[in-house]
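1. structure of the sequence below:
(2 chains)
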Protein chains: 2
Amino acid sequence: MPAPHRTSLHLADVAIADGFWSPRRETVRTRTIPHQEARLREGGQFEALLLEPRSHDGDDRERFPIFWESDVAKWIEAASNVLAHGDHPELDAALDKAIELLAGAQQEDGYLNSYFTAVKPGKRFTDLRDAHELYCAGHLIEAGVAHYEATGKTTLLGIVRRYADLIAVEFGPGGPCEGGYDGHQEIELALVKLHRATNEQRYLDLALLLTDNRGRAPFYFDAEAERRGDTGYFGGHWSPGGAYARTSRRDREYHQTHAPVREQTEAVGHAVRAMYQYSAMADLALELGDQGLHDACERLWDDLVTTKLYVTGGIGADPSIEGFGKPYDLPDHTGYAETCAAIGLVFWAHRMMVLTGEAKYVDVLERALYNGVLAGASADGTEYFYGNPLASDGTVERSDWFDCACCPPNLARLLTSLEQYVYVGDAEGLYVNLYVTGAARLTHGGKRITVTQESDYPWNGDITLRVTEAEAPLPMALRLRLPEWAAGATVQVNGAPAEYRTENGYAVVDRTWTEGDRVDLTLPMAPVLVRADPRVLAAHGKVAIQRGPIVHCVEEIDNAAPVPRLAVARGGELRTEHVDGQDTVIAEGLVDGPAADGLYSTEPPAAAPTAIRTVPYYAWANRGKGTMAVWIRETP
Amino acid sequence: MPAPHRTSLHLADVAIADGFWSPRRETVRTRTIPHQEARLREGGQFEALLLEPRSHDGDDRERFPIFWESDVAKWIEAASNVLAHGDHPELDAALDKAIELLAGAQQEDGYLNSYFTAVKPGKRFTDLRDAHELYCAGHLIEAGVAHYEATGKTTLLGIVRRYADLIAVEFGPGGPCEGGYDGHQEIELALVKLHRATNEQRYLDLALLLTDNRGRAPFYFDAEAERRGDTGYFGGHWSPGGAYARTSRRDREYHQTHAPVREQTEAVGHAVRAMYQYSAMADLALELGDQGLHDACERLWDDLVTTKLYVTGGIGADPSIEGFGKPYDLPDHTGYAETCAAIGLVFWAHRMMVLTGEAKYVDVLERALYNGVLAGASADGTEYFYGNPLASDGTVERSDWFDCACCPPNLARLLTSLEQYVYVGDAEGLYVNLYVTGAARLTHGGKRITVTQESDYPWNGDITLRVTEAEAPLPMALRLRLPEWAAGATVQVNGAPAEYRTENGYAVVDRTWTEGDRVDLTLPMAPVLVRADPRVLAAHGKVAIQRGPIVHCVEEIDNAAPVPRLAVARGGELRTEHVDGQDTVIAEGLVDGPAADGLYSTEPPAAAPTAIRTVPYYAWANRGKGTMAVWIRETP
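-> Residues are numbered from 1 along each chain as shown, chains lettered A, B, ... in the order given. I've put the predicted structure just below:
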C-alpha cells in the first residue's frame, strides 16, 4: 500500500497571526466557544450524558437528544483546536469535565450514545437510516483525535477507540449490522483521522467497509426497517401517521444510497451528507491508492463545480432536502446553501488537493471559505445563518441558535483548525495554498525549515514569504497557488523576477533555500464583474462583483434604493475603497426612479446615475434588515 | 332619492355574435355548464339539498358542504343566462329540477342552507365570520334574479325573496343578529339586484345595513364568538387545537372589517371579498346618491389600480390570504391573482363606470376580462386555474376542479352575462364600453333604436357601428370608449371624419340618427412594450408585450430556449401575425447561449439573435407544461 505522499502540516507547526483571520479566530475563542458551551449546558446536551435526560414538554425528551453527542463533540473539537495554539487552563479543565461526562456515559462494551442508552435501551444500531448514531460516533472520534493532538491526552481518544472497536465488531463479518452503514455520513472520515492518529489499520478498514457497503443491494435501510418493524425515528417524528417510507430514487439520493459510491456520478441529495462522504472517499483514495474512489471523486467534483456551486461557494440549493437541486438550479432568494455544506466543501476540496496536488480545488475551497462559510456567523460571532441565500427581500436575519445546532460548532471547529488548510507538504517541499500571515515549520529532507508569510490578504495581493530558519542550504520546491482570478501574477525571489514553472495551478519555485531568502508574490486584485452560465436563471442579465477571493454583495443600507432598483452600468468603472477594515467596491450604476405615468406605462422608467456600494458577502446582515443581492442587474 | 341615471342594458336586449366571444360562450354552454352540472352531482352538492348529506370519509361531511349552495347557485345563474338568449328545453328542465331541490330544502320560515339545517341544526347565523351562510344566500339571490330575468319564472325568485325577508328580520332592529354582517361579502350586491328586480325598497335597505354595519365597533365577530363559545368553523377546521382567533389588524383586514367601509382607504385583505364589497358600495352609491360611499369607492379604486393591479388585470398577489399584498408587491412566479378576484374586479369596474360615466374603469375591466379572467379556463373550457401567476417555471398547469370550486362557475356566469358589460344606457343615449360584434336594442326618448357593431376585435381595431332600426329621426349621444392604449383613434360618420368631443374617455358623437347611419371607429393597435413602475420588483428591467387589450406572454414551446434565457431587444421591431385564430407578436430579441467558460466567468455569455414569439396570456398552458413569462428581460 503506497504511503500518502502529501499531508497537511500539523496544527502546532503552523502559526497564524493574520489581520483578517486572527481577530475572527479570537472571537471564536473568546465568544463563540463560551457561548456554545453555555448553550450546550442550557439545552441539556451535557446533562443528557448523565443518562437521565431531563424532561421537556411533551415528547421533546425523545425528539431532541438524537444528535446531541455531535454538538458536544464539535464543541470539544473546536476547543481542542484552540488548545493546540496556546495555554488556556480554564478551557482545558472544561474539556476534561466534558470528557469525564462522556466517560461516565460510555457503556461497559464501549457503546456511547445517551439517546439509545437512556431513552431507547436495547435499540442501538437498529435505525441507521435516521438515528444518527454513527454520525455522532464520528464526531466523537474527530473530537478525540483533535483533543489528543492538541493536548497529548488520551482521555477522549481512549474512549472513542473503544467505541470504534465496538463498531468494528458490530459491523464486521457475522456482526448484527453486517452490511450496514450510516444514514448521515461522518464516521468514515473520522475513522481515517483515527487511523492516522493511532496508525491502526483496522480503523481504515472499517472506514472502507462502511463506505463500500453504501448503496449496495440488497438495500440495508429496507432490511433494517423490516427487522425493526416500525417507520424509524424520522418516520415517527416527521409523519406521525407512520406512513413515512423512504423508497424512491429521490429518497435514496438524499442519503447518497442510490448506487454504490464508486458508481456515483452526480452530486445529489443532502449536501452535508454528500460532502462528508466525498471527503472520506478522497481520504481513502489517498491512503489506499484506490483509483476507483479517486475517479469517482473527480467525476462528482466536476459535476458539482460545473452545475451546482453558488458563486459564494455555497452548495445545496434545495431547502426541501437541504441538498442539491437540479443542474444550474441555483435560486438566489430561496436558495439554501447551508453553512455546514460550505464547510463540508472546504473539507472535501482540501482532501482533493492533497490527493491530486492541483490548485483548482483550493480555488473552490477559498471561494467557500471567504464567502459562503464566513457569512454563516455574525461579525460578533454569536449569531448564525443555517441557510445562506444570495438575495434577501429584507426579511432575512441570523439566529442565535438552532434546535438542530449543527452549523455554529462546525464553523468554530473549522476556524480554529484553519492552519491545516494553509500549507501542505510533500516529498518535494511545500505547497502554500492560502495566503494567511503567519509561519510554517517543517522538516524537509531531514532538515528543519521555517517559512513565514506576510500580507494584507484578502484586501491586497502583495504577499511576501521569507525563509527565517533553514538547516544548512536546503533544496526544496516552494509551490505558490496562483488563484484562478489572479491572471498576471508575478513572482520575485530576493528582489528579482524569478524563474518558475507553473504546474497544476501553482508557481513552483524550485531552488536551494537559505535563511533570509525572500519571495514576493503579487496577485492582481482589480474588482471584476462575474457572470453566470445562462442556465443559472437567477443570475440572468445580472453580474456579481468580486475582488480577489471576496465575492461582494449590495445591501440596501449603503445605497440609494432597495437593491432590486439598482443596476450596474456595463463598462462602468469599478473602484475599491477600504473602509472599517473591509473593502467596498463602488460601481457606476443606475437607480430606477419613480414611474412617470402610473403603475404601467409604455415609457421606460426614469433612471438616475448612482454609485452602487458593495460589502463583502460574508459581512452582510450585520446592520439590521434590508434588501440584499449578490447578483445585480446590469444595464447597457 | 335620485333614480340611477345610467344602467346596463338588459341581457335580452343585447345580442352577441362575435368571432372572439361567441365560440367561448358556446363552449361554456355546451361543455362548461354540463361539466359543472356533472361535478355538482358527483360532488354531492345537489344531494346535500335533500338534507341527508351522504357520508364522506372522516369529517368530510362537516368540512365540505359549507359553500355548497353557492356552487349550485352560480351554476343556476350561468345556465339562466344561457336561457336568456335561446331556447334550451333540457337546460330549462334541469334548472327546474335544481330549483325544486332548493324549494324542498327551504324551511318553513324561509331559511335555506343545507349545512346548518342537516348538520348543525340550531346554529344558524351564529358564525357569520366563517360559515359563509350569507355568502351562499347572496349567490342564491343572484341566481333567483337571473333565473327570473331569463325565464320570467318566479320559482327561484320567490324562494330567495322569502329567504331575504327572513334575513331582514334576523338582522333587523331587535333581531338576534342585529349589528351583524357577513364574513364573505356577496349578499350586499345580490340584495341590490333583488331590489332592482322587485322594486322593493327593503332589499336595498338591508344591503345598506349590512354594508354599514361592517367594521363598526364593537366588533361583531368577537361578540358572536363569545356568544357561541367556540372558535368558529375555520377555527375548528384549520387549527384543530382551537387556538385560532382572529384579532389582529391583518385578520380584520382579511374580511375588510378593520374600519367602517366609508373610512376604508386601501384595498386590503381577501381580494374576492373586497371586490364584492366594493361592488355593493358602488351599487349603493348609485342607487342612493350616497356621496360617502362614492368617495370611498374612488379612494379604494385609486389605491388598487396605482399599486396592486397586475398588468393582466389580476389582483390579490398574496397566496397566504388569497388577497392583496403590500403596494407594488406583485410577484410573478408566486403571485396569486385568483380567477374569481379578476372576475370580481370586472364586477366592480363595471359598477364604477355606471356610477361615474368614466371610461377609465372600463379600461381596467377590459384588461381583466381579456387577460386575467380568460386565463382562468383552458381553451376547451373544462380545466381551470384558481391562481394565475404571471410566470411559470414549467410546473404550473390547470386542474379540472377544486374542492373549493368557486372559480369555474364564476367564470361561466360572467361569460354568459357578457352582454351587460358591452353597453350602458343613460338619459343622453348609449355608451359602447366593449367592442363585441352584435347588437343593442334600446328605447331612447320613447323611441326604439337598434345599433349593431361589427369588428374583428381584439385582433383588429376597425369597428363599424350601424343604426339598423330607428323610430323616426332620433337625437342621441353615442359614446364610444377610447381605450387608454389607443392613442390616435379616429371616428368617421357615414364615411366622413366626424365632429366629436372627448369626454371622460369617450368619443361622444351627438347627433340625430336615422336608419342606415354608420360610424367607423379606428383604434390603432400596434404592439407595444409595457413597463412597470420600478417599485414592482418582479418587472425590473423587463417589459410586457401588449397589443390592443391583449397582454401577451412568452411560452417555451414557441421559442428557442426556456423563457428566462430570452431577452427582448430594446428598440427592436415588433411584428404581429395572426395564427390559429389568435395573435402572436414576434419580437426581435436575444437568446443567451451556453457559457463560454464554466459556471462563472468574467466574460458576458454569448447571446444569439432570436425571434421571440408570444401568445395571448389567456391562451397559455394549453399545450403542455413549460416555462412562461409575461415580464421578459429587455436588452440594450
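
2. point out where chain A drops to low pLDDT.
-> For chain A, applying pLDDT under 70 flags the ranges A:1-4, A:53-65, A:235-247, A:401-407, A:595-596, A:636.

3. can you do 50?
-> Within chain A, the set of residues satisfying pLDDT under 50 comprises A:1-4, A:56-61, A:238-245.

4. how about the residues of it that lie near chain B?
-> For chain A, the contact set with chain B under CB under 8 Å from any CB of the partner chain comprises A:305-307, A:309, A:311, A:528-537, A:540-541, A:544, A:562, A:564-565, A:567, A:570, A:592-595, A:598-605, A:633, A:635-636. C-beta coordinates here come from the backbone N, C-alpha and C atoms, glycine included.

5. just checking, which of those belong to strands?
-> A:Val528, A:Leu529, A:Val530, A:Arg531, A:Ala532, A:Ala544, A:Ala567, A:Asp592, A:Tyr600, A:Ser601, A:Arg633, A:Thr635 (DSSP state E).

6. spatially central residue in chain A, please.
-> A:Ile343 (1.1 Å; CA atoms, centre = their mean).

7. hang on, it in a helix?
-> Yes. If the criterion is DSSP: H, G, I helix; E, B strand; the rest coil, then A:Ile343 is within a helix.

8. residues touching it, list them.
-> A:Met275, A:Ala368, A:Val373, A:Gly376, A:Cys407, A:Asn410, A:Leu411, A:Leu414 (CB atoms under 8 Å, 6 or more residues apart in numbering or on different chains).

9. between those residues, which sits nearest A:Val14?
-> Nearest to A:Val14 out of the contacts of A:Ile343 is A:Leu414 (CB to CB; 14.7 Å).

10. how far out from the middle of the chain is the helix or strand harbouring the closest one?
-> Using DSSP states H and E, A:Leu414 maps to helix A:407-415. Distance, stretch centre to chain centre, for helix A:407-415: 8 Å (CA atoms, centre = their mean, to the nearest Å).

11. can you list the ones in strands among the residues of chain A next to chain B in CSV and add neighbour count?
-> Formatted as CSV, these follow (neighbours: other CB atoms under 10 Å in any protein chain shown):
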residue, neighbour count
A:Val528, 19
A:Leu529, 21
A:Val530, 21
A:Arg531, 26
A:Ala532, 24
A:Ala544, 26
A:Ala567, 24
A:Asp592, 25
A:Tyr600, 21
A:Ser601, 16
A:Arg633, 22
A:Thr635, 20
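
12. mind putting those residues into CSV with distance to B:Met353?
-> Formatted as CSV, those follow (distance: CB to CB, whole Å):
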residue, distance to B:Met353
A:Val528, 56
A:Leu529, 51
A:Val530, 52
A:Arg531, 49
A:Ala532, 48
A:Ala544, 49
A:Ala567, 39
A:Asp592, 33
A:Tyr600, 20
A:Ser601, 22
A:Arg633, 39
A:Thr635, 40
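
13. for the residues you listed, which one is nearest A:Pro458?
-> A:Val528 (14.2 Å).

14. residues near the spatially closest residue to that closest one that is not a sequence neighbour, how many?
-> The shortest distance from A:Val528 to any non-neighbouring residue, by CB to CB, 6 or more residues apart in numbering or on different chains, is to B:Thr602 (4.9 Å). Counted by other CB atoms under 10 Å in any protein chain shown, the residues lying close to B:Thr602 total 13.

15. next: the one 3 residues further on.
-> Number of residues near B:Pro605 (other CB under 10 Å) recorded here: 22.

16. next one: A:Glu253
-> Neighbours around A:Glu253, by other CB under 10 Å: 22.

17. do A:Thr30 as well
-> A:Thr30: 12 neighbours (other CB under 10 Å).
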